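>>> sequence? don't have it. structure:
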């Protein structure tokens, strides 16, 4: 091979390497661009799915709250009236010696039923929440639990700042779920509940001394698992975030953070 052929071969080799390198760069850039585009599309689809889930959860919550109000109204207006009427008739029977003892027992049962109806109605639609705010409503809930169960509930809070009613109701439902879990699943004897109002942020802390749970292996289909998922969904609707910490024999903790929305 003479010198001119060597030069031509070297030029062809260099050109081929250059073209191959350029093609490789183009292919790499295309793959990177495609993966980035695919990742953006997947992220967009995930955002849309999350948004749809939040909208669905929000709509479900609205339906549930509407149904709670209807049931509470029916309990108050229908069952409450029936119990009041029954008590009125019993007042005439208590004075009759032959049935006085039985009438008194029935009267006590009617009083208990009326009290239970009032409590159920209150749990369904906490009127105290709308009138006096979140702290008053939570304080009343804790007081009722302490009176009804052998359980100590400590509730701490700083100076209250009113939130939008939708936020207050959402937080109230989350507290209900947490206390219900503490009673039914955790078998706790002591619960510490605290809320902190900051200029733009609301923080809720929950802690109990119950049996605890392995969160990593917790079945989402279990009653406790469904309760946690329900609270996560409520927190997302409130534009907040809730986190859980627990281990077997080490109690259960939860913290909720959300940006304050004023009414």
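Right, received. Where do you want to start? The shown structure was predicted, so the numbers you read here are calculated from the model rather than taken from an experiment.

>>> please make it C-alpha for all contacts and neighbour counts, starting now.
Fine.

>>> now do the SS call for residue 202.
strand (DSSP: H, G, I helix; E, B strand; the rest coil).

>>> quick one: contacts for it?
Counting by C-alpha atoms under 8 Å, 6 or more residues apart in numbering, residue 202 touches 195-196, 256-260.

>>> and it, bridged to which residues?
On the basis of DSSP bridges, residue 202 is bridged to residue 197, residue 258.

>>> so what pLDDT did it get?
You'll see residue 202 listed with a pLDDT of 96.

>>> cool, the one 4 residues further on as well?
Per-residue pLDDT puts residue 206 at 97.

>>> repeat that for the one 5 residues further on.
According to the prediction, residue 211 has pLDDT 90.

>>> low-confidence regions, the stretch 51-200 of the chain specifically.
51-69, 72-83, 87, 89, 92-93, 117, 119, 121-123 (pLDDT under 70).

>>> show me the strands in the chain, by range?
152-157, 190-197, 201-208, 240-246, 252-259 (DSSP state E).

>>> can you put those in a markdown table and add distance to residue 100?
Converted to a markdown table, these look like this (distance: least, C-alpha to C-alpha, whole Å):
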| stretch | distance to residue 100 |
| --- | --- |
| strand 152-157 | 39 |
| strand 190-197 | 43 |
| strand 201-208 | 47 |
| strand 240-246 | 54 |
| strand 252-259 | 50 |
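
>>> between those strands, which one is nearest to residue 40?
Closest approach to residue 40 among the strands of the chain (C-alpha to C-alpha): strand 240-246, 23.9 Å.

>>> and that closest one, what does it pack against?
helix 223-237, strand 252-259 (3 or more C-alpha pairs under 8 Å, 6 or more residues apart in numbering; DSSP states H and E).

>>> how about residue 111, what does it touch?
For residue 111, the contact set (C-alpha under 8 Å, 6+ apart) is empty.

>>> returning to what we had before: out of the helices and strands packed on strand 240-246, nearest to residue 125?
helix 223-237 (17.0 Å).

>>> quick one: contacts for the most centrally placed residue in the chain?
Against the mean C-alpha coordinate of the chain, by C-alpha atoms, centre = their mean, the closest residue is residue 231 at 1.9 Å. Neighbour list for residue 231: 174, 177, 242 [criterion: C-alpha under 8 Å, 6+ apart].

>>> and of those, the nearest to residue 23?
residue 242 (49.7 Å).

>>> just give the number of residues close to the closest one.
Neighbours of residue 242 under the rule other C-alpha atoms under 10 Å: 20.

>>> quick one: pLDDT of the nearest residue to it once chain neighbours are set aside?
For residue 242, ignoring the flanking residues on the chain, the nearest one in space by C-alpha to C-alpha, 6 or more residues apart in numbering is residue 256 at 4.3 Å. For residue 256, the pLDDT comes out at 97.

>>> how is the protein partitioned into domains?
1-125, 126-263 (automatic domain parsing).

>>> which of those is buried the deepest?
domain 126-263 (a mean of 17; mean count of other C-alpha atoms under 10 Å).

>>> residue 85 is nearest to which of the helices and strands packed on strand 240-246?
Short answer: helix 223-237, nearest of the helices and strands packed on strand 240-246 by C-alpha to C-alpha, at 38.6 Å.

>>> wait, which of the contacts of residue 231 is closest to residue 85?
Among the contacts of residue 231, and counting by C-alpha to C-alpha, the member closest to residue 85 is residue 177, at 34.6 Å.

>>> measure that closest one to residue 21 for me?
62 Å (C-alpha to C-alpha, to the nearest Å).

>>> now residue 215
Distance from residue 215 to residue 21, by C-alpha to C-alpha: 52 Å.

>>> then residue 246?
Counting by C-alpha to C-alpha - residue 246 and residue 21 are separated by 55 Å.

>>> also residue 196?
From residue 196 to residue 21 the distance is 61 Å (C-alpha to C-alpha).

>>> with residue 140 instead?
74 Å.

>>> do residue 110 as well
For residue 110, the distance to residue 21 - C-alpha to C-alpha - is 90 Å.

>>> and the pLDDT at the closest residue to residue 252 other than its chain neighbours?
For residue 252, ignoring the flanking residues on the chain, the nearest one in space by C-alpha to C-alpha, 6+ apart is residue 246 at 4.6 Å. The model reports residue 246 with a pLDDT of 92.
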